[in-house]
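Engineer: any chance you can model this:
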Amino acid sequence: MIARLPSLLLLVALLAGWEAWCRLGGLSPLVLPPPSAVLITLWSEIATGRLWPHLAMTAAEMALGLGIGAVVGLGTGILLAEFPALSRLLRPYVLASQLVPKLALGPLFIIWFGFGMTPTVVITALICFFPLMENTLTGISEVDASRRELFRMLGAGRLKTLLRLKLPSALPVIMAGLRVAVVLALVGAVVGEFIGGRIGLGASIIAAQSVMDSSLIFALFIVITALGMLLYEAVRLIERRVLHRFSKG
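Structural biologist: Sure, this is the predicted structure:
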């Protein structure tokens, strides 16, 4: 807490300056609502229960997309690292698929999967796929050559070398990719709801925009930020425990 005190003081100072600017500068609440109005709106959304279904939907879409993207990305990274010929064949296409903006694919996903949860989960999985794939591929490919040679001399097969040497050695890089994927998963879920969601935090932002409710938009920004920071810290905690366990092993 002491280490985080400067950040908290900076946040208080920024909020106080924002509040003073809005009240003394004569800004319209439609343009920039003061923090006090945003907090009142946020409390109203929480107290009335209107927030919880949207938060639950976004969290579910994020979790499903992250899970699918992480599993497929991890598996693809292992395959490409273990079979260089396959990597040379497929990697350009994987990269090309990531260069297409996911927002541009939204209308196609709505045509293919309809409105609702499915297109959002697909967009989130596609966004989360690449960091896990790239970090897994990099981590496994950069395992020390002398250690790989030692395993070969000891008669370890491909599978045992992968499970006992390559994956444990690449674990820090893989977990770093997972941290990035968690942040991108929340972005993917919200962006997916912008396109075709009927419920969720992203859909709520679009609804608030249609009635020009700036306080509600900022309140939803707070919820999205808090959710992202909570999940990011949870992944960091898991990462520390996993790496500590493997380092002891």
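
Engineer: just checking, what packs against the lowest-mean-pLDDT helix or strand in the chain?
Structural biologist: None of the helices or strands of the chain scores lower by mean pLDDT, DSSP states H and E than helix 102-113, at a mean of 78. Packed against helix 102-113 by the contact rule (3 or more Cβ pairs under 8 Å, 6 or more residues apart in numbering; DSSP states H and E) you find helix 117-141, helix 167-196. From N, CA and C alone the C-beta is placed, and that goes for glycine too.

Engineer: of the ones you listed, which is nearest residue 82?
Structural biologist: helix 117-141 (7.5 Å; Cβ to Cβ).

Engineer: which residues belonging to the least confident helix or strand of the chain are considered buried?
Structural biologist: For helix 102-113, burial by neighbour count (16 or more other Cβ atoms under 10 Å) applies to 102, 105, 106, 109, 110.

Engineer: can you give me the end-to-end span of stretch 191-201?
Structural biologist: 10 Å (Cα to Cα, to the nearest Å).

Engineer: what residues of it count as buried?
Structural biologist: Residues of stretch 191-201 classed as buried: 191, 192, 193, 194, 195, 196, 197, 199, 200, 201 (neighbour count, 16+ other Cβ under 10 Å).

Engineer: what helix or strand is the nearest residue to residue 205 once chain neighbours are set aside on?
Structural biologist: Nearest residue to residue 205, sequence neighbours excluded (Cβ to Cβ, 6 or more residues apart in numbering): residue 220, at 5.3 Å. Residue 220 is part of helix 214-248 when elements are defined by DSSP states H and E.

Engineer: and residue 52, by the same measure?
Structural biologist: Assignment of secondary structure by DSSP H and E places residue 52 within helix 51-82.

Engineer: so which bits of that helix are buried?
Structural biologist: Buried residues in helix 51-82 (16+ other Cβ under 10 Å): 51, 54-55, 57-59, 61-62, 64-66, 68-70, 72-74, 76-78, 80-82.

Engineer: same question, stretch 237-249
Structural biologist: Neighbour count says stretch 237-249 has residue 239 buried, by 16+ other Cβ under 10 Å.

Engineer: same deal with stretch 22-36?
Structural biologist: Those would be 22, 33, 34, 35, for stretch 22-36 by 16+ other Cβ under 10 Å.

Engineer: okay, it in PDB with CA atoms only?
Structural biologist: Taking Å, rounded to 0.1, in the frame of the first residue of the first chain, the C-alpha atoms of stretch 22-36 are listed here in PDB:
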ATOM      1  CA  CYS A  22     -15.900  21.100 -15.100                       C
ATOM      2  CA  ARG A  23     -17.500  23.300 -12.400                       C
ATOM      3  CA  LEU A  24     -15.400  26.400 -12.800                       C
ATOM      4  CA  GLY A  25     -14.900  26.200 -16.500                       C
ATOM      5  CA  GLY A  26     -18.600  26.100 -17.300                       C
ATOM      6  CA  LEU A  27     -18.300  22.900 -19.400                       C
ATOM      7  CA  SER A  28     -21.600  21.300 -20.400                       C
ATOM      8  CA  PRO A  29     -22.100  17.900 -18.700                       C
ATOM      9  CA  LEU A  30     -22.900  16.500 -22.200                       C
ATOM     10  CA  VAL A  31     -19.300  17.300 -23.200                       C
ATOM     11  CA  LEU A  32     -17.500  16.300 -20.000                       C
ATOM     12  CA  PRO A  33     -19.400  15.400 -16.900                       C
ATOM     13  CA  PRO A  34     -17.600  16.000 -13.500                       C
ATOM     14  CA  PRO A  35     -16.400  12.900 -11.600                       C
ATOM     15  CA  SER A  36     -19.100  13.500  -8.900                       C
END
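
Engineer: contacts for that stretch, please.
Structural biologist: The contact list for stretch 22-36 (Cβ atoms under 8 Å, 6 or more residues apart in numbering) reads 15, 18, 19, 21, 37, 41, 212, 214, 215, 218.

Engineer: hmm, back to that, and the angle for the least confident helix or strand of the chain with helix 167-196?
Structural biologist: Interaxial angle of helix 102-113 relative to helix 167-196 (axes from the mean of the first three to the mean of the last three Cα atoms, to 10 degrees): 70 degrees.
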